[in-house]
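build the 3D model from these lines:
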Amino acid sequence: MKIKVYCNHCGKQLSTDFLDGKHRQVCTGCKTVYYENPLPVASVVLVNQKREVLLVRRAKEPFKDMWCCPIGFAETGESIEDAALRELKEEAGVDGKVIQLLDVGSHINPMYGELLIVTFEVEKAGGTEKAGDDASDARYFPLMNLPRLAFDSQEKAIAKFIELKKELWSIHDSFETFVESTVKDKIDYPVVLLSDELAQAVQENSARIVELWLNDITTNPSTRSYRSVSRKELRDRAMVIVGQFGAWLRKEKSEGEFTLFYRSLGKERKEGRVPLEEAISSLSLLKKHVWMFTYSFGVWEKAVDIYRMFELGERLVYFFDRAAYHTAVGYGRGGR
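Below you'll find the predicted structure:
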């Protein structure tokens with residue numbers, strides 16, 4: 001780093017004095033004190049929908065040929081945010097929009113001294129990715145497979161970015177998998193969903209859930225005919241259905257087996273003189289108690305926890321609606 005020799009104001013030579021606990025340069029003529037402050041630097045983290053971050057290869061020293069996020073000095077008269085967007089445009093050809101501040105860190109540079117690097121998350125607003133000022137290349141890299149970066153502060157900022165987005169990405173991935181596997185039925189199990197933990201809790205606590213259902217079904221006016229059935233028989237029936245829910249989630253049963261089971265169930269309930277509306281209500285009450293149990297089991301501090309409950313609720317609705325439909329068909333077709 002270059003050291004000042006003469007005063008900018010009067011031209012006299014600078015000397016060194018101990019002021020405010022530090023050695024500082026002081027003009028021998030006008031006594032101006034030169035406080036050496038870190039130079040402000042703006043840095044950009046821009047990530048596309050594929051979770052790849054835009055990097056540029058440095059064309060000049062320091063760190064020539066190393067990769068980094070678009071970065072450069074803030075100029076007089078512009079905000080640090082404007083500096084970040086300007087560097088993005090100049091180095092990578094991209095117009096951007098600042099989303100949030102990610103990190104502020106220090107960096108010691110052999111050429112410029114101490115730098116204060118301010119890093120922003122930015123989203124693309126236009127332009128085309130191409131190397132520009134001070135860059136020989138510009139391209140996207142997967143966040144989990146980055147080259148070594150020129151600046152440690154940028155590695156820290158990217159790590160913070162990943163931590164900030166981790167839950168949102170988990171929700172997105174689980175939702176995509178849920179839609180493909182449950183609604184579109186395109187993915188073969190096993191797959192991992194955020195609600196799997198709650199689904200496992202349902203299986204592990206099935207006896208407790210069924211006991212709550214028993215207390216409800218034997219007193220609920222919508223299931224009067226079930227009062228004449230022994231609690232043991234009702235318990236056994238419900239345990240089978242809760243088990244069916246788990247087997248359905250894990251795709252251990254084919255669609256044909258699922259259909260046959262509930263149409264046969266409808267036929268049995270019809271032969272047992274259980275009104276159709278009461279058979280459907282019994283399934284609805286079981287779904288309610290599964291949901292209420294997981295509701296009390298869940299944690300509600302984070303968005304990912306709320307989504308986990310939403311996802312399990314959707315899976316419950318999908319399962320029990322189909323079970324109710326095939327049970328009703330069993331009433332009308334004798335289980336065929």
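
can you give me the strands in the stretch 51-200 of the chain?
52-58, 67-68, 71-73, 94-109, 113-127, 135-142 (DSSP state E, counting those that start in this stretch).

how about these in a markdown table, adding mean pLDDT and distance to Thr218?
(Glycine included, C-beta is placed from N, CA and C.) What follows is these, written out as a markdown table (pLDDT from 0 to 100; distance: least, Cβ to Cβ, whole Å):
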| stretch | mean pLDDT | distance to Thr218 |
| --- | --- | --- |
| strand 52-58 | 97 | 58 |
| strand 67-68 | 97 | 68 |
| strand 71-73 | 95 | 70 |
| strand 94-109 | 92 | 55 |
| strand 113-127 | 94 | 56 |
| strand 135-142 | 97 | 57 |
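
tell me which helix or strand in this protein has the weakest average pLDDT.
strand 33-34 (a mean of 84; mean pLDDT, DSSP states H and E).

ok, that one: who's next to it in the sheet?
strand 22-27 (antiparallel) (DSSP bridges).

for the partner strand, give the mean pLDDT please.
Averaged over strand 22-27, pLDDT sits at 87.

where does this protein have low pLDDT?
Within the chain, the segments meeting pLDDT under 70 span 1-2, 110-111, 182-191, 298-300, 333-336.

what's the single longest helix in it?
helix 303-333 (DSSP state H).

so how far is that helix from its chain's centroid?
Centroid separation for helix 303-333 versus its chain: 25 Å, with Cα atoms, centre = their mean, to the nearest Å.

check stretch 140-151 too.
Worked out by Cα atoms, centre = their mean, stretch 140-151 lies 20 Å from the chain centre.

what does stretch 210-230 give?
Remark: stretch 210-230 is offset 42 Å from the chain centroid, using Cα atoms, centre = their mean.

give me the distance between the two termini of that stretch.
As for stretch 210-230, its first-to-last residue distance stands at 14 Å under the measure Cα to Cα, to the nearest Å.

then stretch 44-60?
End-to-end distance for stretch 44-60: 19 Å, by Cα to Cα.

give the buried residues for that stretch.
Residues of stretch 44-60 classed as buried: Val44, Val45, Leu46, Val47, Glu52, Val53, Leu54, Leu55, Val56, Arg57, Arg58 (neighbour count, 16 or more other Cβ atoms under 10 Å).

next one: stretch 230-250
Buried residues in stretch 230-250 (16+ other Cβ under 10 Å): Leu234, Arg237, Ala238, Ile241, Val242, Gln244, Phe245, Trp248, Leu249.

for the fourth one, give its distance to Gly272.
So that's Ile241. 16 Å (Cβ to Cβ, to the nearest Å).

same check on the last one?
For Leu249, the distance to Gly272 equals 28 Å [Cβ to Cβ].

likewise the first one?
Between Leu234 and Gly272 the computed distance is 12 Å (Cβ to Cβ).

repeat for Ala59
Counting by Cβ to Cβ, the gap from Ala59 to Gly272 is 81 Å.

and if you look at Glu78?
Distance of Glu78 to Gly272, computed by Cβ to Cβ: 80 Å.

got it, and Ala201?
32 Å.

and the longest helix of the chain, what's buried?
Buried, per 16+ other Cβ under 10 Å, within helix 303-333: 307-309, 311-316, 319-320, 323-324, 326-331.

also stretch 106-121?
Buried, per 16+ other Cβ under 10 Å, within stretch 106-121: His107, Leu115, Leu116, Ile117, Val118, Thr119, Phe120, Glu121.

contact partners for Pro147?
By Cβ atoms under 8 Å, 6 or more residues apart in numbering, Pro147 lies in contact with Leu55, Met66, Trp67, Phe141.

how about the buried residues of stretch 44-60, which pair is most distant?
Maximum pairwise distance among those (Cβ to Cβ): 20.0 Å, between Val47 and Arg58.

show me what contacts Ile80?
Neighbouring residues of Ile80 by Cβ under 8 Å, 6+ apart: Pro40, Ala42, Ala74, Val118.

can you pull out the helices in the stretch 101-250 of the chain?
152-178, 196-204, 206-217, 231-249 (DSSP state H, counting those that start in this stretch).

nearest to Ile99, out of these?
Comparing these by Cβ to Cβ, helix 152-178 comes nearest, at 10.1 Å.

domains in this structure, by residue range?
Per automatic domain parsing, the structural domains of the chain span 1-36, 39-151, 196-333.

and these as TSV, adding distance to Lys166?
Below are the domains of the chain laid out as TSV (distance: least, Cβ to Cβ, whole Å):
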stretch	distance to Lys166
domain 1-36	38
domain 39-151	11
domain 196-333	9
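
for Thr177, which of those domains is the nearest?
domain 196-333 (9.8 Å).

quick check: nearest residue in space to the spatially most central residue of the chain, chain neighbours excluded?
In the chain, the residue lying closest to the centroid (Cα atoms, centre = their mean) is Leu168, at 2.0 Å. Among residues not flanking Leu168 along the chain, Ala303 sits closest, at 7.6 Å (Cβ to Cβ, 6 or more residues apart in numbering).
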